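Student: only the shape, not the letters, is given here:
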């Protein structure tokens, strides 16, 4: 009853998940989104079932006071994140994402964290994924039972339900449930196609009363790599264009040298057959050699 009254009293401009399960020894990053008006406010992470009696763990203005827990505020994404590492069952509890407000009550929302010694009831391979504009990204959400509904939600936005397709921020989303071959569990395949820059942000898988947050970053295509590929293709094409005339040039030079050698040999032989003091004018041979040079020049011009 106290919590219900507290929720009605709060302005609920802060949002997060309601229940997260993590394996013992693992880590988790919890996103806490807030209203634009809270950009410059101090945020803090608090432990305890009731807000009025919770114990503050970290403030964003003093983020490095805990070995296992860190806090970071991203005003561009309008959210602060809390990362908890080396979790143990003793870390299982209720926590609060809270924003400090001057001259009025603080604003916040509560979530439950469960740390289990075995496999969590809901988990993902990676909590952070990267995609490229126009392409697709796939998230695999694993769970052990068929009970309860399954859906994929944008934090602060809408959801797409299991065995359905829909759109989130202009991107096509398809959800498909499959049974895992290596165990008795199941996997919810979430595929987001036609990614846009606007799709960058926090999402969550939901199965029953459990959620698992996933952050997706969408980048522009790598233009540097594309330019390098184009340059290499141009160089290869230029080499192919020059290869044929260069080969022809080598053949013509070789033929010219052979012909010139034969002409010189023939000239020397005629000189021996002529009487002394008689000059030999090899007009026909010289004309032939000049003709070969002309052919060579035409071949170079045509290439």
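Tutor: Sure thing, it's come through. Fair warning: this is a prediction, and the values are worked out from it, not measured in the lab.

Student: drop to CA atoms for contacts and neighbour counts, all remaining ones
Tutor: OK.

Student: which stretches of the stretch 1-150 of the chain form helices?
Tutor: 2-9 (DSSP state H, counting those that start in this stretch).

Student: what sits up against stretch 196-213?
Tutor: 17-21, 29-31, 77, 121-124, 127, 132-134, 141, 143, 147-155, 168-171, 214-220 (Cα atoms under 8 Å, 6 or more residues apart in numbering).

Student: now do the same end-to-end measure for it.
Tutor: In stretch 196-213, first residue to last residue: 20 Å (Cα to Cα, to the nearest Å).

Student: can you turn the buried part of the contacts of stretch 196-213 into a PyMOL selection?
Tutor: In PyMOL, this line selects whichever of the contacts of stretch 196-213 come out buried by 16 or more other Cα atoms under 10 Å:
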select buried, resi 17+18+19+20+21+29+30+31+121+122+123+124+127+132+133+141+143+150+151+152+153+154+155+168+171+214+215+216+217+218+219
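
Student: in strands, which of the contacts of stretch 196-213 fall?
Tutor: The strands, defined by DSSP state E, take in 19-21, 29-31, 122-124, 132, 141, 143, 150-154, 168, 171, 214-219 from the contacts of stretch 196-213.

Student: where does the prediction get shaky in the chain?
Tutor: 1-12, 63-65, 146-148, 182-183, 223-252, 254-303 (pLDDT under 70).

Student: let's see that with 80 instead.
Tutor: Residue ranges of the chain with pLDDT under 80: 1-12, 63-66, 145-149, 163, 180-184, 223-303.

Student: domains of the protein?
Tutor: 14-116, 122-219 (the TED database).

Student: for the ones you listed, could you give me CSV that also reports distance to residue 253?
Tutor: As requested, the domains of the chain are arranged in CSV below (distance: least, Cα to Cα, whole Å):
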stretch, distance to residue 253
domain 14-116, 69
domain 122-219, 54
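
Student: bridging residues for residue 45?
Tutor: Bridge pairing for residue 45 (DSSP bridges) gives the partners residue 58, residue 97.

Student: give the contact list for it.
Tutor: Counting by Cα under 8 Å, 6+ apart, residue 45 has contacts 56, 57, 58, 59, 71, 82, 95, 96, 97, 98.

Student: could you dump the residues you listed into a markdown table and include distance to residue 179 and neighbour count?
Tutor: Formatted as a markdown table, the contacts of residue 45 follow (distance: Cα to Cα, whole Å; neighbours: other Cα atoms under 10 Å):
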| residue | distance to residue 179 | neighbour count |
| --- | --- | --- |
| 56 | 42 | 15 |
| 57 | 40 | 17 |
| 58 | 41 | 21 |
| 59 | 42 | 21 |
| 71 | 37 | 25 |
| 82 | 33 | 20 |
| 95 | 33 | 23 |
| 96 | 35 | 25 |
| 97 | 35 | 26 |
| 98 | 39 | 25 |
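
Student: which among these gets closest to residue 110?
Tutor: Taking Cα to Cα as the measure, residue 110 lies nearest residue 96 of the contacts of residue 45, at 4.4 Å.

Student: can you give me phi and psi for residue 60?
Tutor: Dihedral pair for residue 60: phi -70, psi -20, per degrees, to the nearest 10.

Student: ok, residues contacting stretch 137-144?
Tutor: With contacts defined as Cα under 8 Å, 6+ apart, stretch 137-144 is touched by 120-125, 129-131, 184-193, 195, 205, 207.

Student: one more: stretch 152-164?
Tutor: 15-16, 33, 149-151, 166-168, 173-177, 188, 190, 201-206.

Student: among these, the buried ones, what's the PyMOL command?
Tutor: With 16+ other Cα under 10 Å as the criterion, this PyMOL line picks the buried residues out of the contacts of stretch 152-164:
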select buried, resi 15+16+33+150+151+168+173+174+175+176+177+188+190+201+202+203+204+205+206
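
Student: sitting in strands, which of the contacts of stretch 152-164 do you find?
Tutor: Among the contacts of stretch 152-164, the ones falling in strands (DSSP E) are 15, 33, 150-151, 166-168, 173-177, 188, 190, 201-206.
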